[in-house]
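Peer 1: I'll drop the sequence and a predicted model, then ask my questions.
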Amino acid sequence: MNQLTQQVKEDVLRELQRSVHSDLFNTWCKNLDFITTDNNLIRTPVPNKFYQEYFERELRTSIQDAFLKVLGRRLDVIFEISEHQPERTESQQLVTDAVLETPREATSSSVLLNENYTFENFVVGPSNRMAYAGAIAVSESPAKKYNPLFIHGAVGLGKTHLLQAICNSIIKRNSNTKVIYLSCENFINDYVYAIQKGAVGNFRKRYRNADVLLIDDIHFLSNVREASHEEFFHTFNALHTARKQIILSSDSSPNDIPKLEERLVSRFGWGLSARIDPPDYETRIAIIKRRLELIKREFPDDVISYIAANVQDNIRHIEGTITNIVAMASLSNVKIDMELAGSILKSIGNVKQARITIPTIIQVVTKYYNIKPDELRACSLKEIGAHFGGKDHSTVIYSIGKIENMLSKNSNI
């Protein structure tokens, strides 16, 4: 595995910043370095054993998740004590215990958002149109149309992008709006921390005074105790009664989240529930082109089509594939072409053996020759033969039989 580029390291830290508490990131993660080895292993230098044990216990999974989002594959991470790592200063060693001693207003100055996660950069297609429309509606008129807005779908399809686009849009309209955006896991961690510190009152003041509350991965509630369900239930009620906007995302629809209390399932259905499905081929093409615009890169059309045809499951893997191709081209000083794209996709396990069907053939041929599907279907065997050097219909029948025989012996033709 090649050395990571500075851009990849920065992207990983940015993903990590979005996934962990801001105080946790600023205290422990901001100055992390990542060093690759030859066996898909990431080494992270730390100054002493205390840090090594803390990172292993508290941050290893979050860092692996960040690499998965950036590169499209999960890498193993180890923390190595390095004598070249300077000890942190006294102020850095004081891990804050006052996270919840005063309620923090989540205005534009304190919400950690990806500036590229905007509605303008979100590629709309048949698979996400309703979720996109719902997000636009609540960003323009919070708590007046769909409350709550519940967006659900598999990992890597754009739920986080839409939630952060809502944040960016609302804050742009009014920077004084109290917007709180965080993961469900961080909400629960804040609640547990508040209990430990005797600061539950401040916890409630913070969350129940928000104008807009956005919680990513609300399905995490299924992994926690009933006390956390109870706290979120009352937070939800307080905000909804006060006509404040609530926006939630999940891997599953409300009815499919295991162990979720019925009263929460019911409340999640009060507003709009919108599902995001995997993007179709045309939408994947548009996503790739939009991503290339953002990073100011150009790929040949055949490479774009190749990525879209092979990376089908989610947008994160598409972005990770692009990052890998750009990094390899830069580090190896080679041009971006089909050979490079093919080797990258094979190395990260994203090459799929496409199943060629008649509709696929019709779509490709008609698009290439700029004709209508009916024109292709209307040809008789005699007309097809005439187009290929004046052959008669028996030659066409023989050719069809020959191809069928070849396919029966080798399905990869």
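Peer 2: Sure, I can see it.
Peer 1: count of neighbours near the closest residue to Pro300 other than its chain neighbours?
Peer 2: The shortest distance from Pro300 to any non-neighbouring residue, by CB to CB, 6 or more residues apart in numbering, is to Asp337 (6.4 Å). (Each C-beta comes from the backbone N, C-alpha and C, glycine too.) Residues near Asp337, counting by other CB atoms under 10 Å, number 14.
Peer 1: what's the answer for the one 4 residues further on, then?
Peer 2: Residues within reach of Ala341, counting by other CB under 10 Å, total 26.
Peer 1: Kindly give the local confidence score, pLDDT, for it.
Peer 2: In this model, Ala341 is scored at 87, pLDDT.
Peer 1: re earlier: would you confirm that the residue nearest to Pro300 contacts Phe299?
Peer 2: No - Asp337 is not in contact with Phe299 according to CB atoms under 8 Å; the separation is 9.2 Å.
Peer 1: residue ranges for the strands of this protein, please.
Peer 2: Ranges of strands in the chain, per DSSP state E, are 35-36, 41-46, 76-81, 149-153, 179-183, 212-216, 245-250, 272-276.
Peer 1: Need those strands in TSV (columns: mean pLDDT and distance to Thr61).
Peer 2: As requested, these are exported to TSV (pLDDT from 0 to 100; distance: least, CB to CB, whole Å):
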stretch	mean pLDDT	distance to Thr61
strand 35-36	80	19
strand 41-46	85	13
strand 76-81	85	9
strand 149-153	94	22
strand 179-183	89	13
strand 212-216	93	16
strand 245-250	95	19
strand 272-276	93	24
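Peer 1: could I get those strands as CSV with distance to Ile171 and mean neighbour count?
Peer 2: Conversion of the strands of the chain to CSV gives the following (distance: least, CB to CB, whole Å; neighbours: other CB atoms under 10 Å):
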stretch, distance to Ile171, mean neighbour count
strand 35-36, 36, 14
strand 41-46, 33, 18
strand 76-81, 33, 15
strand 149-153, 17, 25
strand 179-183, 6, 23
strand 212-216, 9, 25
strand 245-250, 13, 26
strand 272-276, 22, 21
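Peer 1: could those go into a markdown table alongside distance to Ala194?
Peer 2: Listed next are these as a markdown table, based on distance: least, CB to CB, whole Å:
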| stretch | distance to Ala194 |
| --- | --- |
| strand 35-36 | 37 |
| strand 41-46 | 29 |
| strand 76-81 | 29 |
| strand 149-153 | 26 |
| strand 179-183 | 14 |
| strand 212-216 | 16 |
| strand 245-250 | 20 |
| strand 272-276 | 30 |
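Peer 1: Tell me which of these sits nearest to Ile315.
Peer 2: strand 272-276 (9.7 Å; CB to CB).
Peer 1: Put the alpha carbons of that closest one into CSV.
Peer 2: Output of strand 272-276 as CSV, limited to C-alpha atoms (Å, rounded to 0.1, in the frame of the first residue of the first chain):
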residue,chain,number,x,y,z
LEU,A,272,-42.5,12.8,6.7
SER,A,273,-40.6,9.5,6.4
ALA,A,274,-38.4,9.4,3.2
ARG,A,275,-36.3,6.5,2.0
ILE,A,276,-33.1,6.8,0.0
